[in-house]
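Participant: Sequence and computational prediction follow.
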Amino acid sequence: MNTEIINKAYLAGLKLKNSGLSEEVLYARLEKQGFPEELSRKVAKDIINENQKEALKNNLTYGLVVAAIGFVAAIISALISTDRGIISIELIIVGLGLAFWAIAKLKK
């Protein structure tokens, strides 16, 4: 296939990247613009995979932030009183769980 056509297909796909459309809809729109069927399917699949990777990276960041907030809350609650330490421990567990889940998904 001509590299110019491939570049145009990916540029058209990138314009639709943040639209939240499913892979089938992206494929249909690309094919409607005149791109070959096989190329349209490949571009749509690549765009969806890229969106999923970005979402997982955001989950990793979110999980680490929640864990850091939980750690700070644990230190503060330990200084103030020992009665409320369970909430901060839960925040740490949830944050680390989210971070490890995102790391496992990114490795796939």
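Facilitator: Happy to help now that I have it. Keep in mind it's a predicted model, so treat the numbers as computed, not measured.

Participant: Now for the chain, the helix or strand with the poorest mean pLDDT.
Facilitator: helix 85-107 (a mean of 72; mean pLDDT, DSSP states H and E).

Participant: Remind me what it packs against, helices and strands.
Facilitator: helix 37-80 (3 or more Cβ pairs under 8 Å, 6 or more residues apart in numbering; DSSP states H and E). All C-beta spots, glycine's among them, are computed from the backbone N, C-alpha and C.

Participant: what about I93, how many neighbours?
Facilitator: 13 (other Cβ atoms under 10 Å).

Participant: meant to ask about L16, not that
Facilitator: By other Cβ under 10 Å, 16 other residues sit near L16.

Participant: repeat for the one 3 residues further on
Facilitator: Using other Cβ under 10 Å, S19 has 11 neighbouring residues.

Participant: do you know how far it is from K53?
Facilitator: Distance, S19 to K53, by Cβ to Cβ, to the nearest Å: 17 Å.

Participant: swap in I86?
Facilitator: Applying Cβ to Cβ to I86 and K53 gives a distance of 35 Å.
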